[in-house]
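J.: Requesting a structural model of the entry that follows:
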Amino acid sequence: MQIIKEDLRNRILEIAEQEFLQNGFDKASLRVIAKKCGTTIGNLYHYFSNKEALFEDLVKQEYYAFLHLMEHNQNSQLIHYDPSHRNDISLKKMFYENIEKLMPVFTKRFLLLIDCSQNTKFETSRKQVLSMIEQHVKMHFMEYSIPVTPGFEITLSEQLLTGLLHIIKTCEDENMKRLLISDMFAFYMAGTLYFS
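T.: You can find the predicted model right below:
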C-alpha cells in the first residue's frame, strides 16, 4: 500500500497550479505534472484520482472563500464606509486596514478558478462571481441612493473583476498586491460615492 506523503502532495499541487495557469484545464497534462514532481503518473493517482479531482482541490478553497466573503460582507458589512468622509483619506486607509480579510481569497488559485476552469464543474465561476459582484454593487448604489443608468453595475463589475485578475496575475510581491487591491477598491468606491 502506498503511503501518502504530505510534502509530495503539496508539491503536486504547486506544480499543477503552474501547469493549469499556463495551459488551462483542457491542455494541462498530468504526465507533465508528475514528471516535474519527480514521480510517476501512477503515484500521482494515489494522491488525486484524475485531473478534475486535482483541479478541484486547487480551487475549491478560493471558490467557497469568495462565496463566504460576499455573503459575510452583505450580511455584516465586512467593509463599511461612511459616505460623509468621502473627501478625506479614510477611504483608502479603510481598505488597506481591512485588506487582510480579502487577501486569502485573491490568490493565483482564484485566477485559476475564474480564467482556467473551462470544462470543469467550476466553469460557470466567472459568471457566478460577476453576478455576485454586480448584486453587491447594486446594493451599494441603493444603500447610498445613487442614481445610475440601468446596466452600469454590469460594466463596473466587469472592470472590477478584470482589474483584480490583472493584479493577481502580474504582482508577485504580496505587500504591493495588498496596496494595489486596496487602491483599486478605494478608487471604485470613491467613484461610486461621487455619484451621490
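
J.: Break this protein down into its structural domains.
T.: Domain assignment for the chain, taken from automatic domain parsing, gives 1-48, 59-194.

J.: Which of these comes out lowest on mean pLDDT?
T.: Mean pLDDT per stretch puts domain 59-194 lowest among those, at a mean of 82.

J.: Near the residue lying closest to Lys36 once chain neighbours are set aside, how many other residues are there?
T.: What sits nearest to Lys36 in space, not counting adjacent residues and going by CB to CB, 6 or more residues apart in numbering, is Ile15, at 4.7 Å. In this view, the C-beta of every residue, glycine as well, is placed from N, C-alpha and C. Per other CB atoms under 10 Å, the neighbour tally for Ile15 reads 19.

J.: residues contacting Ile15?
T.: Taking CB atoms under 8 Å, 6 or more residues apart in numbering, we find Ile15 in contact with 33, 36-37.

J.: Return the closest of those with respect to Thr107.
T.: Ile33 (18.9 Å; CB to CB).

J.: Next, the contact list for the closest one, please.
T.: Taking CB under 8 Å, 6+ apart, one finds 12, 15-16, 19, 44, 54 in contact with Ile33.

J.: in the helix or strand encompassing it, what's buried?
T.: Element membership of Ile33, judged by DSSP states H and E, is helix 30-37. Residues of helix 30-37 classed as buried: 30, 32-34, 36-37 (neighbour count, 16 or more other CB atoms under 10 Å).

J.: Could you check the angle the longest helix seen in the chain makes with helix 30-37?
T.: Scanning the chain for the longest helix, with DSSP state H as the assignment, gives helix 51-76. If you take axes from the mean of the first three to the mean of the last three CA atoms, to 10 degrees, helix 51-76 sits at 80 degrees to helix 30-37.

J.: Val32 contacts Glu19, doesn't it?
T.: Yes - contact criterion CB atoms under 8 Å: Val32 and Glu19 qualify, at 6.0 Å.

J.: Show me how far stretch 18-33 is from its chain's centre.
T.: 19 Å (CA atoms, centre = their mean, to the nearest Å).

J.: Please identify the buried residues of that stretch?
T.: Quick answer for stretch 18-33 (16+ other CB under 10 Å): 19-21, 25, 28, 30, 32-33.

J.: Just the closest of these to Pro104, please.
T.: Nearest member of those to Pro104, counting by CB to CB, is Leu21, at 18.4 Å.

J.: so how far is Glu14 from that closest one?
T.: 11 Å (CB to CB, to the nearest Å).

J.: Repeat that for Lys101.
T.: Taken as CB to CB, the span from Lys101 to Glu14 is 25 Å.

J.: that older thread, would you turn the buried residues of helix 30-37 into CSV with distance to Met132?
T.: As requested, these are arranged in CSV below (distance: CB to CB, whole Å):
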residue, distance to Met132
Leu30, 32
Val32, 34
Ile33, 31
Ala34, 36
Lys36, 35
Cys37, 35
